[in-house]
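In: coords please:
(one chain, ligands or ions: 1)
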Amino acid sequence: MNGELYIVATPIGNLNDITIRALETLKNVDYIAAEDTRHTLKLLNYFDISKPLISYYKENEKTKSEVIIEKLEEGKNIALVSDAGTPGISDPGEEVIKKAIERNIKVIPIPGACAAINAIICSGFSTKEFEFIGFLSAKKSEKVKKLEELKYDLRTLIIYEAPHKLESTLNTMLEVLGDRNICIARELTKIHEEFIRGKISEILNSVEYRGECVILVEGAKISKSEQNIENLTKLSLDEHYKYYEEKGFSKKEIVKQIAKDRKLEKNEVYQYFLDK
Ligand code: SAM
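Out: Sure thing, here's the model as predicted:
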């Protein structure tokens with residue numbers, strides 16, 4: 001019979017955040033697959049747990065996931081942990097989880113800390129809908145491209161960033177998104193935990209670039225289509241007409257669309273063009 005794969009969340013700073021179930025799982029499995037075995041060893045020593053470790057990090061995910069699957073197929077139970085928080089969330093995990101599912105191995109989540117979730121709940125921004133981005137590319141051009149895509153996203157954005165890249169990322173965000181409201185959730189669950197809230201420009205001048213952080217960006221005020229309509233309504237009626245004409249709309253469709261964009265009666269728009 002196959003063993004089971006446990007995806008175990010570990011603390012993101014405060015060791016007291018480990019759950020009782022996580023500790024029980026780590027004690028009961030046959031192996032622990034860890035992102036950085038030295039790091040996990042410290043956690044295990046703290047809780048007096050001794051287990052054989054398998055190193056499983058981003059660069060060896062493909063090969064090591066095969067090793068993990070083999071052991072699971074031999075009936076061994078394995079816990080997967082990352083250096084901090086929930087495995088698979090901007091951390092290794094995806095590969096072995098996919099393979100386990102393909103081979104009908106049971107995958108069991110052991111919930112716990114996740115920086116993204118704890119950052120957004122205290123940001124003060126909408127938690128109804130949000131978009132988790134994780135790390136933006138380190139390449140400026142790709143960072144800009146991604147932010148352009150997100151510019152009109154109405155949802156709260158959650159971005160992970162390393163402290164030494166925070167300033168340049170905030171500058172790029174200011175360039176692309178404009179001076180939006182953001183929140184920097186820093187050193188979550190640790191002694192120097194803080195939430196810095198304000199416009200990007202204000203935060204750029206005041207924030208200290210140290211400590212782990214999550215950037216939360218308040219969702220856009222208007223969607224891309226609303227922005228397009230707003231731009232169209234700044235045109236003259238004739239220019240507005242031409243815009244749809246060039247898109248191949250019929251006269252009837254143009255009048256209908258202009259009336260909709262400008263919140264006018266169709267007859268009014270029709271009359272305007274008739275009079276001309
Ligand atoms: N798997 C983790 C999770 O569940 O949140 C995330 C791992 S990712 C490699 C590390 C990033 O998470 C950091 O660069 C930072 O953006 C964020 N992070 C992790 N711990 C944090 C903390 N205590 N305070 C603020 N951000 C944290």
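In: okay, and the nearest residue to residue 61 once chain neighbours are set aside sits in which element?
Out: In space, and not counting its chain neighbours, residue 61 is closest to residue 95: 4.2 Å by Cβ to Cβ, 6 or more residues apart in numbering. From N, CA and C alone the C-beta is placed, and that goes for glycine too. Taking DSSP states H and E as the criterion, residue 95 maps to helix 94-102.
In: now swap in residue 185 and tell me
Out: Per DSSP H and E: residue 185 is located in strand 181-186.
In: got the phi/psi numbers for the residue of the chain found nearest the ligand?
Out: Distances between the chain and the ligand by Cβ to the nearest ligand atom are smallest at residue 85, namely 2.4 Å. As for residue 85, its main-chain torsions (degrees, to the nearest 10) stand at phi 80, psi -150.
In: got the contact list for it?
Out: 9-12, 91, 112-115 (Cβ atoms under 8 Å, 6 or more residues apart in numbering).
In: any idea what it is bridged to?
Out: Bridge pairing for residue 85 (DSSP bridges) gives the partners residue 10.
In: send me the helix or strand hosting residue 45 as PDB with only the CA atoms.
Out: Using DSSP H and E, residue 45 sits in helix 37-46. Taking C-alpha atoms only, helix 37-46 is exported to PDB below (Å, rounded to 0.1, in the frame of the first residue of the first chain):
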ATOM      1  CA  THR A  37      17.900  20.400   5.600                       C
ATOM      2  CA  ARG A  38      20.100  22.600   8.000                       C
ATOM      3  CA  HIS A  39      17.200  25.000   8.400                       C
ATOM      4  CA  THR A  40      14.700  22.300   9.100                       C
ATOM      5  CA  LEU A  41      17.100  20.600  11.500                       C
ATOM      6  CA  LYS A  42      17.000  23.700  13.700                       C
ATOM      7  CA  LEU A  43      13.200  23.500  13.800                       C
ATOM      8  CA  LEU A  44      13.200  19.800  14.500                       C
ATOM      9  CA  ASN A  45      15.800  20.100  17.300                       C
ATOM     10  CA  TYR A  46      13.800  22.900  18.900                       C
END
